[in-house]
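Chemist: what follows is a protein structure lacking sequence information:
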């Protein structure tokens with residue numbers, strides 16, 4: 001009975017996810033065939049260190065046993081990050097424009113962008129006292145107000161559900177592979 005409930009829940013998530021993802025992918029299907037666009041998305045995924053997103057998805061997933069969980073993480077450890085970027089770039093190209101990929105790659109390769117990535121994946125609890133504001137250096141303020149960055153950042157945030165979905169699909173494929 002428990003298996004049937006999990007299967008139904010999984011199918012409903014897949015069906016619901018497909019319903020939400022379909023409109024976002026439709027406008028730029030031609031983009032997926034453009035090698036320069038796919039390469040730009042691949043470069044973005046590398047600068048974002050998206051292989052850590054894949055590990056996060058694996059960590060949030062449920063497994064029948066601890067042994068299976070360890071096996072999945074072992075497969076992820078044996079999968080090179082470059083392969084993850086390559087395999088995710090083509091499915092994400094219709095969702096992430098070439099301009100967004102180029103601008104966000106540029107941003108994530110700046111010293112401030114590297115700090116953002118470091119904080120995203122390696123952050124620890126921080127205490128903020130009431131009434132205090134985080135100190136933002138001038139170069140960060142300047143970066144945050146650039147029109148190209150603002151637009152690309154919003155577009156990438158809108159694509160985040162698709163990134164998570166594709167990471168989950170890739171995790172399933174990696175788990176099924178004989179490694």
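Modeler: Thanks, I have the structure now. This is a predicted model, so every value here is computed, not measured. Residues are numbered from 1 along each chain as shown.
Chemist: tell me the mean pLDDT over stretch 66-78?
Modeler: For stretch 66-78, the per-residue pLDDT values average out at 92.
Chemist: buried residues in it?
Modeler: Judged by neighbour count (16 or more other C-beta atoms under 10 Å), stretch 66-78 contains these buried residues: 72, 75, 76. Using the backbone N, CA and C atoms, a C-beta is placed for each residue, glycine as well.
Chemist: ok, stretch 170-179 next?
Modeler: When neighbours are counted by 16+ other C-beta under 10 Å, the buried residues of stretch 170-179 are found to be 170, 171, 174, 175.
Chemist: turn these into JSON lines, including pLDDT and distance to residue 111.
Modeler: As requested, the buried residues of stretch 170-179 are exported to JSON lines (pLDDT from 0 to 100; distance: C-beta to C-beta, whole Å):
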{"residue": "170", "pLDDT": "94", "distance to residue 111": "30"}
{"residue": "171", "pLDDT": "92", "distance to residue 111": "31"}
{"residue": "174", "pLDDT": "90", "distance to residue 111": "33"}
{"residue": "175", "pLDDT": "88", "distance to residue 111": "36"}
